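Enquirer: okay, sequence plus prediction incoming.
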Amino acid sequence: MFKLKTTYVSIFTILLLTEIIIALSCKEGFIRHTFGDYLVVLLLYYFLKNFVSISNNVLANITLFIAITVEFIQLTPLLKLIGLEYNSLANLIFGNTFSFTDIIAYVFGYVTILIINSSILCKHFLPNKIK
């Protein structure tokens, strides 16, 4: 039976709300373009953590791969090809401008996940069944 993991749902929800606040209140600058990209890797990781039971490091690798793949998709006319070039949600999720600095932000998010997963705090505060 499928059961959401409360800790990960809570972390995901906080990150999602933070991303929404950033999207609504910051139109430009470091917070919008870099910190938001950093957080999106953590957001995706904790979202996926609810649905898959694989090691934390493997999931972190998959998350980074997805983020970088989406960034490289921005070099293609994919949204135009599927008729979503004017869809604001599609543009928000997939973006529309490739940036190498986005990839750097994703890597920092990935490293943060690895640090969190290897920390003593994680081992003491997260129940064994959801690690």
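Expert: Nice, thanks for sending it over.
Enquirer: pretty sure residue 74 contacts residue 95?
Expert: Yes - counting by CB atoms under 8 Å, residue 74 touches residue 95, with 5.1 Å between them. C-betas here are computed from N, CA, C, even on glycine.
Enquirer: quick check: phi and psi at residue 42.
Expert: phi -70, psi -40 (degrees, to the nearest 10).
Enquirer: would you mind giving me the confidence score for it?
Expert: At residue 42, the predicted lDDT confidence score is 98.
Enquirer: poorly predicted segments of the chain, please.
Expert: 1-2, 120-131 (pLDDT under 70).
Enquirer: if you set the cut-off to 90 instead, what comes out?
Expert: Applying pLDDT under 90 to the chain flags residues 1-6, 20, 23-24, 26-33, 53, 88-97, 117-131.
Enquirer: residue boundaries of the helices in it?
Expert: Ranges of helices in the chain, per DSSP state H, are 6-25, 30, 36-49, 56-73, 78-81, 88-94, 100-118, 120-125.
Enquirer: for residue 29, the count of nearby residues, please.
Expert: By other CB atoms under 10 Å, 9 other residues sit near residue 29.
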